[in-house]
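>>> task: produce atomic coordinates for the following.
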Amino acid sequence: MNKKTILFLCLTLAACKSREIREVQTALVKRGTLTEELIEEGTVKAVKSIAITAPVISYRYGSLKITSIVEDGKEVEKGDTIIVFDPSEIKKAIIDAEQKLVVANAELEKLVATQQSDISDLESDLEIARLSLEIEKINNEQSEFESEIRKKEIKLKLDNAEVALERAEEQIENRKKIHVEELFQKNLNIKQLKAVLDDASNSMKNLFVVSPAHGIVILEKNWMTMQKWQKGDQPYSGSKLIELPDLNEMMAEVNINEVDISKILPGMKAMITADAYSDTSYTGEVTKIANLAQNKDSKSKIKIFPVEIRIDGIPENLLPGLTVSCKIRISEINDVIYVPLEALFKDDGKEFVYLAASSGFQRRDVRIGASNTDFVIITEGLKENEEIALSDPFLNKEEKTKNNVKKKEISMR
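Predicted structure coming up:
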């Protein structure tokens, strides 16, 4: 191969290399304010919600059984029936109580009639005893001229008449006391039966659960099956079945790891984006930070702190349970030099960039400071308005793509 051919090949390679370098996207080093941010995933929740529980009914009616329940996520209005429980056992109790009450009332009427008849008979006996006493008194007054034996007989009859009258009076009083006690026992039994009937009737009403307010139904999980409550399930009285959130006030709950929690303070502003509506963002503010850490999950030793972010206004489309990305603005650092994260490279523990020069690109070692999801502060090594590459100019297209993905993963960590 002669010298002219070699020279031609060298010029061709240089031209190709120069063409590749010129195709590299670049950016200018900027000076200004960098916003330090923390991005975490969270879940949308309602600030206020109403818990709807299974009704509390007596054990005598057996177990509760769901025969109808509203669909998860359905919008309901105040007064809508959302849960119905099997009423068969309570219906039996109502029929039984009604029948016993009819019998008890009939027995009460019979008892009252019997007592009135008894008192009437005793009053008749009392009147006879009173008349007998009057007769014996007259006989006693007329016995002046009778023999002594006859006088004694008349006097004895008078005494007996007085005793009979006293006994008749006492018998009436005692019988009245007995009647009062009998009526009390019978009325008490009726009162108890009415209480059983009222309880059964009220329990029957409670089997038809209505929505106390307008909202979106969120079904809770049956702790025995770990599935959401459904027809045929038998919850205990008082079990939480539905949560009805107030959609006018929403928040996002995020879990911040123990390394970053010290950076978060109440009042910090945040930008919230729902995964389901990535083209819409909402503003919010940190309102509550948990005082105690908890494990991330049952198998992890990583500690996290739940943080609540109140979403401003009445957010449309945001429903409880949606996954959101929360960008919390931690601080603003003024008058700093910063570059895009894509322009920063690392090798053997040293950060560097590719600085544009007349002959191509040159490696320039730098020192970095704080960063956010898009930019990183350069504390040493660059000046404002210098031009830098946003990708390695010496890698082919495939290698560039892999390198960018790797850098994004590192920045996320």
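
>>> name the residues that touch stretch 198-205?
Around stretch 198-205, the neighbours that count as contacts under C-beta atoms under 8 Å, 6 or more residues apart in numbering are 55, 57-58, 61, 87, 90-91, 93-94, 97. All C-beta atoms are positioned from the backbone trio N, CA, C, and that covers glycine.

>>> how far away from the center of its chain is that stretch?
In terms of C-alpha atoms, centre = their mean, to the nearest Å, the centre of stretch 198-205 is found 26 Å from the chain centre.

>>> using the record's assignment, carve this structure into domains.
Following automatic domain parsing, one finds the domains of the chain at 23-45+246-412, 49-86+210-245, 89-206.

>>> could you look up the SS state of Val102?
Following DSSP: H, G, I helix; E, B strand; the rest coil, Val102 is assigned to helix.

>>> re the thing from before, JSON lines for the domains of the chain, including mean pLDDT?
Shown next, in JSON lines, are these (pLDDT from 0 to 100):
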{"stretch": "domain 23-45+246-412", "mean pLDDT": "86"}
{"stretch": "domain 49-86+210-245", "mean pLDDT": "91"}
{"stretch": "domain 89-206", "mean pLDDT": "87"}
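
>>> any chance of those domains in JSON lines, with mean neighbour count too?
Formatted as JSON lines, the domains of the chain follow (neighbours: other C-beta atoms under 10 Å):
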{"stretch": "domain 23-45+246-412", "mean neighbour count": "15"}
{"stretch": "domain 49-86+210-245", "mean neighbour count": "16"}
{"stretch": "domain 89-206", "mean neighbour count": "14"}
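
>>> what's near enough to touch Glu77?
So Glu77 contacts 211, 214 (C-beta under 8 Å, 6+ apart).

>>> repeat that with 10 Å
When contacts are counted by C-beta atoms under 10 Å, 6 or more residues apart in numbering, Glu77 is found next to 210-211, 213-215.

>>> and Ser331, by the same measure?
The contact partners of Ser331, by C-beta under 10 Å, 6+ apart, come to 34-37, 263, 265, 268, 370.

>>> from the residues you listed, which single one is nearest Glu220?
Met268 (31.9 Å; C-beta to C-beta).

>>> for the closest one, what are phi and psi?
Phi and psi for Met268, reported as degrees, to the nearest 10, are phi -70, psi 140.

>>> wait, which of the contacts of Ser331 is closest to Gly360?
Leu34 (29.2 Å).

>>> pretty sure Glu387 contacts Gln362?
No - under the criterion of C-beta atoms under 10 Å, Glu387 makes no contact with Gln362, lying 11.3 Å away.

>>> who touches both of these two?
Both Glu387 and Gln362 are contacted by 354-356, under the criterion C-beta under 10 Å, 6+ apart.

>>> in helices only, show me those residues.
Judged by DSSP state H, helices contain none of these.

>>> just list whatever residues bridge to Glu253.
Beta-bridge partners for Glu253, by DSSP bridges, are Thr43, Glu308.

>>> wouldn't it be in contact with Ile309 here?
Yes - between Glu253 and Ile309 there is a contact under C-beta under 10 Å: 7.7 Å.

>>> what touches both of the two?
42, 288, 324, 326.

>>> quick check: the gap between the last one and Glu36.
Put plainly, it is Cys326. For Cys326, the distance to Glu36 equals 15 Å [C-beta to C-beta, to the nearest Å].

>>> then the second one?
Look at Lys288 and Glu36: by C-beta to C-beta, they are 21 Å apart.

>>> same question, the third one
In this view, Val324 and Glu36 are 20 Å apart by C-beta to C-beta.

>>> what's the answer for Glu380, then?
19 Å.

>>> just Ile178 next, same as before
Distance, Ile178 to Glu36, using C-beta to C-beta: 92 Å.

>>> could you say what helices and strands the helix or strand containing Gln116 packs with?
Using DSSP states H and E, Gln116 maps to helix 88-141. Applying 3 or more C-beta pairs under 10 Å, 6 or more residues apart in numbering; DSSP states H and E, we find helix 88-141 packed against helix 148-206.

>>> and the helix it packs on, how far from the chain's centre?
The mean C-alpha position of helix 148-206 is separated from the chain mean by 59 Å, C-alpha atoms, centre = their mean.

>>> for Asn385, grab phi and psi.
Dihedral angles (degrees, to the nearest 10) for Asn385: phi 70, psi 0.

>>> got a list of what it touches?
Taking C-beta under 10 Å, 6+ apart as the criterion, Asn385 is in contact with 28-31.
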